[in-house]
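Trainee: Pasted the sequence and its predicted model underneath.
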Amino acid sequence: MEITEVTRECDICGCDKNTLISKKPSWTKTSVIKYKNKLYHSTDVMCNNCGVIYKNPMMSRESMRDFYQDAYMQLYEPFNVTSISGVSIALRAVTAIYCLDWLDSIGYDITEKKVFEVGCGFGTLLMAMRSLGAEVAGVEPGKRSSEIGEKVFGFKATVNSFEEFNTSHLYDLVIINNTLEHFYSPTEALKKARTMLSPHGKILVEVPSMLYPYPGIPIDGFLSSAHNFTFSKESFEWLAYKCGLKIDYMAYKGHKKCMFFLLSEYKHSETVQLTIPPTKENINKLLNQYQEVNTFIDDISDQVKFTQKMKEEGYLGIAKEYPNHTNVLGISYVNWLLAQNKPKESLDFLNSPAGVWKDNQSEDVDMHPGTLTYLRGLTYRHLGDFLQAKKCFEEAMLQYPHFYKYNFLSDMVINGLIPENIFGTSSWYNCAKTLEMM
């Protein structure tokens with residue numbers, strides 16, 4: 001069976017009016033699926049009513065089911081069951097820690113909770129929650145992912161699509177973690193998850209935010225062919241309301257600044273205020289932001305040329321061209337100054353308004369507020385002020401996700417699932433090791 005496509009109205013609000021956001025070129029791996037002898041070039045549009053970005057045309061339900069069962073992991077994962085990548089396991093552990101950190105920050109205790117995850121992959125997040133005392137179960141459409149989870153963790157997920165999965169069990173927490181964007185109908189998926197809730201149960205959703213594209217990849221990679229929907233906070237509010245759910249907590253605190261939502265059923269007596277739909281001005285602003293991402297990535301792809309440009313124009317000159325990338329530019333600039341043995345210039349920059357972290361930009365575990373604080377510590381160490389350096393390193397470790405707080409990550413190292421130095425290029429790991437030596 002070849003891929004078949006269907007033209008759709010918006011799954012969230014039913015509107016059939018939309019604006020073109022991105023049409024994929026033929027060369028981007030994460031944008032083009034070569035499946036059953038057909039190239040699938042996906043196109044993203046934004047609903048003119050609720051503002052969600054979605055594929056239109058989109059793979060049919062049947063093609064989507066076959067794709068996730070047979071080919072999805074090939075789009076991202078070059079390994080197989082007999083050769084499991086420690087990097088892939090480690091990345092999943094990182095995203096799990098972001099999730100645990102956020103739940104802890106809002107006071108949600110996972111202990112003794114009955115937890116179910118939709119699209120649980122290897123089961124990494126569930127294993128992390130089990131280590132904290134939760135009772136866990138999950139469903140995963142990919143047989144290969146389930147086999148890896150059983151081999152690595154001894155965790156056996158139910159192999160099935162969530163659409164076809166049935167259970168009489170009720171759960172205190174249903175998790176849809178970086179999965180909802182993959183569904184043919186997020187509305188159907190969220191409504192089904194709601195039926196699985198125990199009294200006072202919650203739904204935890206993590207999804208990419210259209211406002212914060214993943215750092216370091218072009219927009220046609222961020223709007224991957226595997227992502228049928230890309231939400232804003234506002235369009236997700238519409239979806240939750242449609243499914244009889246309210247947002248108890250929300251934050252841009254996931255890995256790569258994905259959005260976390262903790263949802264519960266709302267009572268009909270409660271009033272839900274929906275945000276005004278996007279204007280043409282907002283759509284154009286988003287398109288300009290996406291164009292800047294692509295231009296910036298093209299610019300930094302030639303490191304020699306980019307370094308020369310930084311030397312000639314300085315930080316402020318380049319920052320004017322890329323107002324949505326000042327954080328990564330600042331980190332690059334400080335690294336460059338320290339490599340040139342210019343710690344005084346580095347400190348001057350870090351103490352200026354330009355050296356302040358901007359919260360309204362994309363981030364990941366290395367392009368992070370903690371990274372800037374860590375670099376401040378390195379700057380003080382270059383200057384010989386070891387007391388200030390140590391204070392900065394300690395502050396940075398509090399800003400980073402709490403990788404050393406959870407036993408399951410250290411257990412993975414002890415059990416040989418991931419090498420101890422797998423995070424060797426990460427600033428948080430180097431910060432921790434630097435602190436150990438002081």
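Mentor: On my side now, so go ahead.

Trainee: For stretch 401-418, give me every contacting residue.
Mentor: For stretch 401-418, the surrounding residues in contact (CB atoms under 8 Å, 6 or more residues apart in numbering) are 86, 89-90, 93-94, 96-98, 100-101, 127-128, 131-132, 152, 365, 419-420, 423, 428-429, 432. Backbone N, C-alpha and C define where each C-beta goes, glycine included.

Trainee: helix/strand/coil for Lys246?
Mentor: Reducing the assignment at Lys246 to three states with DSSP: H, G, I helix; E, B strand; the rest coil gives strand.

Trainee: From Lys267, how far off is it?
Mentor: As defined by CB to CB, to the nearest Å, Lys246 lies at a distance of 9 Å from Lys267.

Trainee: These two - which one has more neighbours?
Mentor: Per other CB atoms under 10 Å, whichever of Lys246 and Lys267 has more neighbours is Lys246, with 15 against 8.

Trainee: So that one is in contact with Leu263, correct?
Mentor: Yes - counting by CB atoms under 8 Å, a contact exists between Lys246 and Leu263, whose distance comes to 6.7 Å.

Trainee: which residues are common contacts for these two?
Mentor: Residues touching both Lys246 and Leu263 comprise Ala240, with contact defined as CB under 8 Å, 6+ apart.

Trainee: Send me stretch 204-214 as CSV with only the CA atoms.
Mentor: Taking Å, rounded to 0.1, in the frame of the first residue of the first chain, the C-alpha atoms of stretch 204-214 are listed here in CSV:
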residue,chain,number,x,y,z
LEU,A,204,0.1,15.5,31.2
VAL,A,205,0.8,16.7,27.7
GLU,A,206,4.1,17.8,26.2
VAL,A,207,4.1,19.2,22.7
PRO,A,208,6.5,21.4,20.6
SER,A,209,5.7,25.1,20.5
MET,A,210,5.4,26.8,17.2
LEU,A,211,6.9,29.9,18.8
TYR,A,212,10.1,28.1,19.8
PRO,A,213,11.5,26.0,16.9
TYR,A,214,14.2,23.4,17.9
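
Trainee: and that stretch, how far from the chain's centre?
Mentor: Centroid displacement of stretch 204-214 relative to its chain, using CA atoms, centre = their mean, to the nearest Å, is 6 Å.

Trainee: Give the buried subset of the contacts of stretch 401-418 as a PyMOL selection command.
Mentor: Restricted to buried positions by 16 or more other CB atoms under 10 Å, the PyMOL selection for the contacts of stretch 401-418 reads:
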select buried, resi 89+90+93+94+96+97+98+100+101+127+128+131+132+152+365+423+428+429+432
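
Trainee: Quick check: helices, which of the contacts of stretch 401-418 are part of them?
Mentor: Cross-referencing the contacts of stretch 401-418 with the helices (criterion: DSSP state H) gives 86, 89-90, 93-94, 96-98, 100-101, 127-128, 152, 428-429, 432 as the overlap.

Trainee: Got the phi and psi for the residue in the chain sticking out farthest from the centre?
Mentor: Among residues of the chain, the one most distant from the C-alpha centroid is Gly384; the distance is 37.9 Å, by CA atoms, centre = their mean. The phi and psi torsions at Gly384 (degrees, to the nearest 10) take the values phi 90, psi 10.

Trainee: need the contact list for it.
Mentor: Counting by CB under 8 Å, 6+ apart, there are no residues that Gly384 touches.

Trainee: Determine the longest strand present in the protein.
Mentor: In the chain, ranked by residue count with DSSP state E as the criterion, the top strand is strand 197-207.

Trainee: Put the alpha carbons of the next helix or strand along the chain from that strand into CSV.
Mentor: With elements assigned by DSSP states H and E, the helix or strand that comes after strand 197-207 is helix 219-222. Only the C-alpha atoms of helix 219-222 are listed here, as CSV (Å, rounded to 0.1, in the frame of the first residue of the first chain):
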residue,chain,number,x,y,z
ILE,A,219,12.2,25.0,9.9
ASP,A,220,11.3,22.3,7.5
GLY,A,221,13.1,19.9,9.9
PHE,A,222,11.2,21.3,12.9
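
Trainee: Now the element after helix 219-222, going C-ward?
Mentor: strand 229-230.

Trainee: Paired strands for that next one, with orientation please.
Mentor: Taking DSSP bridges as the criterion, strand 229-230 sits next to strand 53-55 (antiparallel) in its sheet.

Trainee: Report the distance from the partner strand to the chain centre.
Mentor: Centre-to-centre, strand 53-55 and its host chain are 17 Å apart (CA atoms, centre = their mean).

Trainee: quick check: domain ranges of this protein?
Mentor: 5-75, 77-265, 281-437 (automatic domain parsing).

Trainee: For Leu274, find the nearest of those.
Mentor: Of all the domains of the chain, domain 77-265 sits nearest to Leu274, with 5.9 Å by CB to CB.

Trainee: Let me see the mean pLDDT of the closest one.
Mentor: For domain 77-265, mean pLDDT rounds to 92.

Trainee: now for the ones in helices among the contacts of stretch 401-418, which pair is the farthest apart?
Mentor: Checked with CB to CB, the ones in helices among the contacts of stretch 401-418 reach their widest spread between Val152 and Ala432, with 24.6 Å between them.

Trainee: how close does Ser225 get to Phe67?
Mentor: 9 Å.

Trainee: what about the domains of the chain, which gets the closest to Gln273?
Mentor: Among these, domain 77-265 comes nearest to Gln273, with 8.7 Å by CB to CB.

Trainee: gap between the closest one and the chain center?
Mentor: The chain centre lies 11 Å from the centre of domain 77-265; the measure is CA atoms, centre = their mean.

Trainee: now do stretch 345-353
Mentor: Using CA atoms, centre = their mean, the distance between the centre of stretch 345-353 and that of its chain works out at 30 Å.

Trainee: ok, and what's touching that stretch?
Mentor: The contact list for stretch 345-353 (CB under 8 Å, 6+ apart) reads 315, 330, 333-334, 337-338, 355, 372, 375-376, 379-380, 382-383.

Trainee: When you filter the residues you listed down to buried only, what's left?
Mentor: 315, 330, 333-334, 337-338, 355, 372, 375-376, 379-380, 382.

Trainee: Tell me which of the residues you listed fall in helices.
Mentor: Those of the buried ones among the contacts of stretch 345-353 mapping onto helices are 315, 330, 333-334, 337-338, 372, 375-376, 379-380, 382, per DSSP H.

Trainee: now these as CSV including distance to Val174 and pLDDT?
Mentor: Shown next, in CSV, are these (distance: CB to CB, whole Å; pLDDT from 0 to 100):
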residue, distance to Val174, pLDDT
Tyr315, 46, 88
Gly330, 39, 95
Tyr333, 44, 93
Val334, 43, 96
Leu337, 48, 94
Leu338, 46, 96
Leu372, 36, 96
Leu375, 40, 98
Arg376, 41, 98
Thr379, 46, 98
Tyr380, 46, 98
His382, 49, 97
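
Trainee: Which single one of these is nearest to Glu206?
Mentor: Distance from Glu206 was checked for each of these by CB to CB. The minimum falls on Leu372, at 24.6 Å.
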